[in-house]
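**Student:** Here is the input, now give the coordinates:
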Amino acid sequence: GGPLPTGRRWRGVPVPFFFQAPAAEAFGALAMRDDDVVMSSLPKGGTTWCHKILHLVLRADEAGNADAAAIGGRNQVYPEAVVLRRGDEGDPESSMPEKRKQFFGEWGFEDDLCAQAAPRLFSTHLFGGLLPAQLVDPAGKGRLVVVLRNLKDTLSSLHFFRGVAKDGWLGNEHGPGSLARFLHPDCPNAFGSPFAFVKQMDEVVTALEPTGRVCVVYYEDLQRCLPAQVERIAAFLGVPLTSARRDAIVRRASFDEMKASDSVLATTLLRKGGIGDWRNHMEASDWLRFDAAFDEALDGVRLAEPLRQYQLASVDGLPRRRSEHAFDDDPRGWPSFVRRTLVDGRVVRDTALSVASGSTFVRPPSEFNGIVMAAGTEGAEFVAEAGRYHLFVSGVCPWASSVRVARHMLRLEEVIGLDVADGQSGGGWVLLDGTSCPPWAGRPGPFFLHEVYQASAPLGTTRITMPVLWDKATSTVVSNDSWSILKMLARAFAPLGHGQLELCPAPLEAPMEELHQRLYDGLLNGVYKVGIARLKRNPDGAATQAQAVVAALGDLEEQLSERRFLMGTPQPTAVDIRLTMTLIRFDIAYLHAFGLGGGRGGVLVGGAAGGAPGYRVLGAYVRDMYSRMSSEIDWASFLQYYRWAPYPAEEALPAHLSRVPEAAAAPGHGREKLP
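**Tutor:** Predicted coordinates for the structure are as follows:
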């Protein structure tokens with residue numbers, strides 16, 4: 001069965017049978033060199049794999065070949081596992097010397113590990129203050145690679161290490177069980193508490209980050225995007241890397257090739273190599289104990305944040321399917337969720353809308369800003385082609401819906417593919433039944449939009465926003481800027497469709513951009529500034545911004561009484577689509593969910609007691625526009641604003657909301673004769 005604790009400690013930390021205190025002491029006092037590399041890995045956190053990668057990056061030739069006979073060539077040789085000098089008897093407190101030699105050879109710390117050719121590579125399970133003092137000193141030398149893995153899989157891997165743990169998951173006559181040992185603050189397992197490892201290494205990383213001498217590697221990232229991680233590691237180590245050498249290293253570091261090697265340590269330690277094996281063991285209630293201990297120990301610890309996503313039993317807050325959305329279904333009763341974002345390609349919690357993140361909200365700029373040019377444009381990275389691109393949009397979001405509507409009005413349905421998300425969740429935007437876009441098409445749902453971003457930029461830091469314009473030919477997110485995408489549809493793609501509209505007339509380009517910016521500042525984004533200010537408990541900021549929204553509505557009511565469309569054109573333009581996406585949501589979402597009182601009331605309907613809407617001209621304008629896009633509007637999805645908006649939880653949703661779609665479809669807008 002799996003190993004039980006030895007009971008031996010060094011500097012208060014439990015240590016394994018092979019531990020050599022003299023070498024560990026010498027390692028802590030090591031005189032570091034600038035190009036030294038130290039890998040500190042959580043036990044069962046991907047040590048063998050990451051050591052192999054580091055060794056190949058530092059030592060392998062263009063074909064990925066490295067001297068297997070050299071120290072570290074077949075597997076990691078821990079400083080704490082070898083004698084101080086070759087030929088020494090070894091630490092008298094250690095046990096099973098022959099087993100130690102089988103795993104780690106007869107190397108000596110001073111004779112072999114310290115005598116490596118530069119750059120020297122040291123792989124260890126020692127952490128925090130047990131690492132070389134000159135390494136963890138911000139004014140010191142050497143590079144540190146920290147290796148982490150989600151702690152539930154770490155526990156599972158420890159439980160099955162060289163057989164099933166003798167005391168079982170939950171304890172028996174042999175001991176308290178794998179779960180209790182792992183969670184105990186004074187964990188008796190080799191190298192102690194994994195929570196302490198993460199917490200202490202977080203402190204080390206925070207101290208070293210300004211120096212550029214530390215790199216954190218997550219086991220799950222190696223699984224998700226090994227080529228990109230190899231490039232990242234090589235760049236950190238300052239090692240030039242051709243694409244051929246990168247591919248060779250990826251091949252040599254594959255799980256199957258390592259498992260088939262002649263390394264005793266690799267064939268012993270490598271078990272499954274997957275993610276999520278923990279779900280196959282114990283009951284949900286047992287894992288809830290784990291979650292409580294994890295939160296108590298590591299909540300707010302930055303290095304622990306990316307681990308959370310892989311420790312979820314299921315994604316929180318999945319919405320209803322779009323086909324099931326209805327006005328009698330209050331989404332406040334749906335499961336709650338915490339928003340997610342991507343940091344260095346990892347899905348982590350997003351605090352941008354939390355109260356603690358500040359009293360104001362500034363919408364960050366879009367991170368992907370590629371441009372699709374017209375067919376035949378010489379030298380363009382992206383050119384308009386039928387069937388090459390795919391749109392991911394949402395019926396909730398006005399920005400994404402503007403792109404969806406433009407695709408419809410330009411009759412580009414056969415030119416650009418489209419998927420509409422069901423809503424937000426703890427995994428970001430989600431399509432519950434999967435996507436029609438390759439390479440993910442045909443895979444059972446749910447499908448999360450973050451996978452699109454990760455496929456395009458494996459190491460990217462970005463919000464998980466819609467819309468997304470995806471290039472199937474290059475597996476790239478071209479753009480997630482809704483205004484830019486809308487203009488691309490109007491300019492580059494329009495000739496491929498069957499529509500007759502000119503959404504972006506060239507002579508009006510400058511005034512249209514100027515008008516759009518004013519609309520965006522005062523109204524389109526202004527309504528969100530109101531709602532988010534209320535969410536952040538900033539009533540003064542909300543009131544000030546609400547005044548700007550009300551003023552913008554009043555100005556538009558006056559302007560559109562004299563012209564049918566914003567730019568004075570005979571047909572709607574791109575800015576009309578943008579404005580309509582906000583106005584069409586106003587009565588159902590913004591007016592009530594965001595507390596936008598103080599104006600004239602609704603655009604399409606009066607209040608709960610009936611009566612006329614407050615903006616007669618804007619209501620007629622919306623009805624005029626709605627007749628051109630009705631098939632693309634998911635009315636009930638607008639209720640999803642109430643999932644997160646600061647609407648009183650004890651109050652029922654306004655009863656008259658279900659009247660809005662009928663009001664939008666009412667005939668006789670009377671605007672045909674306006675210029």
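
**Student:** What is the neighbour count of Asp186?
**Tutor:** For Asp186, the neighbour count with other CB atoms under 10 Å is 10. Every residue, glycine included, has its C-beta placed from N, CA and C.

**Student:** ditto for Pro667
**Tutor:** Residues within reach of Pro667, counting by other CB under 10 Å, total 7.

**Student:** Asp286 too?
**Tutor:** Using other CB under 10 Å, Asp286 is surrounded by 13 other residues.

**Student:** what's near enough to touch Ala313?
**Tutor:** Going by CB atoms under 8 Å, 6 or more residues apart in numbering, Ala313 touches 279, 284, 287.

**Student:** now, among those, which is nearest to Asp344?
**Tutor:** Closest approach to Asp344 among these (CB to CB): Arg279, at 25.1 Å.

**Student:** Run through the residues that contact that closest one.
**Tutor:** Arg279 makes contacts with Ala313, as judged by CB under 8 Å, 6+ apart.

**Student:** so what's it scoring on pLDDT?
**Tutor:** At Arg279, the model reports a pLDDT of 95.

**Student:** ok, it to Arg149 distance?
**Tutor:** 15 Å (CB to CB, to the nearest Å).

**Student:** beta partners for Gly394?
**Tutor:** You called it Gly, but residue 394 is Ser. Beta-bridge pairing for Ser394 (DSSP bridges): Ala421.

**Student:** tally of neighbours for it?
**Tutor:** Neighbours of Ser394 under the rule other CB under 10 Å: 27.

**Student:** and what of the one 3 residues further on?
**Tutor:** For Cys397, the tally of surrounding residues (other CB under 10 Å) stands at 23.

**Student:** Give me the spatial nearest neighbour of it, chain neighbours excluded.
**Tutor:** Met466 (5.5 Å; CB to CB, 6 or more residues apart in numbering).

**Student:** Could I get the contacting residues of that neighbour?
**Tutor:** Met466 makes contact with 392-394, 397, 399-400, 421, 429, 449, 480, according to CB under 8 Å, 6+ apart.

**Student:** Phe104 too?
**Tutor:** By CB under 8 Å, 6+ apart, the residues touching Phe104 are 18, 77-78, 81-82, 265.

**Student:** Is it possible to get CSV of those residues that adds neighbour count, pLDDT and distance to Val575?
**Tutor:** Below are the contacts of Phe104 laid out as CSV (neighbours: other CB atoms under 10 Å; pLDDT from 0 to 100; distance: CB to CB, whole Å):
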residue, neighbour count, pLDDT, distance to Val575
Phe18, 22, 93, 70
Val77, 23, 94, 66
Tyr78, 26, 96, 64
Ala81, 26, 95, 68
Val82, 30, 95, 71
Leu265, 21, 50, 65
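
**Student:** Report the two of those separated the most.
**Tutor:** Farthest pair in these (CB to CB) is Val82 and Leu265. Separation: 12.9 Å.

**Student:** any low-confidence regions in this protein?
**Tutor:** The model of the chain has pLDDT under 70 over residues 1-3, 259-273, 352-366, 607-611.

**Student:** which helix in it runs the most residues?
**Tutor:** Longest helix in the chain, counting residues (DSSP state H): helix 539-559.

**Student:** re earlier: let's have the contacts of Phe104 in TSV, adding secondary structure and distance to Ser658.
**Tutor:** Converted to TSV, these look like this (DSSP: H, G, I helix; E, B strand; the rest coil; distance: CB to CB, whole Å):
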residue	secondary structure	distance to Ser658
Phe18	coil	70
Val77	coil	70
Tyr78	coil	67
Ala81	helix	70
Val82	coil	74
Leu265	helix	66
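
**Student:** What's the local residue count around the residue nearest to Gly541 when sequence neighbours are not counted?
**Tutor:** Distances taken as CB to CB, 6+ apart put Ala533 closest to Gly541, at 4.1 Å, once the chain neighbours are dropped. Counted with other CB under 10 Å, the neighbours of Ala533 add up to 24.

**Student:** I figured Ala533 hits Ala542, correct?
**Tutor:** Yes - applying CB atoms under 8 Å, one finds Ala533 in contact with Ala542, separated by 3.8 Å.

**Student:** Tell me where the stretch 1-150 of the chain has helices.
**Tutor:** 21-28, 47-59, 97-104, 133-136 (DSSP state H, counting those that start in this stretch).

**Student:** Out of those helices, which one sits most buried?
**Tutor:** Looking across the helices of the stretch 1-150 of the chain with neighbours counted as mean count of other CB atoms under 10 Å, the highest average goes to helix 47-59: a mean of 24.

**Student:** Next up, the contacts around Pro306.
**Tutor:** By CB under 8 Å, 6+ apart, the contact set of Pro306 is 218, 220, 343, 346-348.

**Student:** mind redoing it with 10 Å?
**Tutor:** If a contact means CB atoms under 10 Å, 6 or more residues apart in numbering, then Pro306 has 148, 150, 216, 218, 220-221, 343-349 as its contacts.

**Student:** One more: Val136?
**Tutor:** Val136 touches 28, 32, 38, 40, 127-130, 142, 144, 200-201, 203-205, 207-208, 213-214, counting by CB under 10 Å, 6+ apart.

**Student:** Narrow the residues you listed to those that are buried.
**Tutor:** Buried subset of the contacts of Val136 (neighbour count, 16 or more other CB atoms under 10 Å): 28, 32, 38, 40, 127-128, 130, 142, 144, 200-201, 204-205, 208, 213-214.

**Student:** Out of those, name the ones that lie in strands.
**Tutor:** Among the buried ones among the contacts of Val136, DSSP state E puts 38, 40, 144, 214 in strands.

**Student:** could I get those residues as a markdown table with distance to Phe182?
**Tutor:** Formatted as a markdown table, those follow (distance: CB to CB, whole Å):
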| residue | distance to Phe182 |
| --- | --- |
| Val38 | 25 |
| Ser40 | 19 |
| Leu144 | 25 |
| Val214 | 26 |
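
**Student:** Mind picking the one among those residues that's closest to Pro331?
**Tutor:** Set against Pro331, the nearest of those by CB to CB is Val214 (42.9 Å).

**Student:** who are the neighbours in contact with the residue nearest to the closest one when sequence neighbours are not counted?
**Tutor:** Computed as CB to CB, 6+ apart, the closest residue to Val214 that is not its neighbour in sequence is Leu208, at 4.0 Å. Contact analysis of Leu208 by CB under 10 Å, 6+ apart lists 135-138, 140, 142-144, 146, 214-215.

**Student:** Val205 now?
**Tutor:** So Val205 contacts 136, 144, 146, 214-216, 302-303 (CB under 10 Å, 6+ apart).

**Student:** So what's the residue count around Glu209?
**Tutor:** Applying other CB under 10 Å, we find 14 other residues in the vicinity of Glu209.

**Student:** That one against Val146, yeah?
**Tutor:** No - judged on CB atoms under 10 Å, Glu209 makes no contact with Val146 at a distance of 11.1 Å.

**Student:** that older thread, where does the residue nearest to Cys397 fall, helix, sheet strand or coil?
**Tutor:** At Met466 the chain is in coil, as set by DSSP: H, G, I helix; E, B strand; the rest coil.
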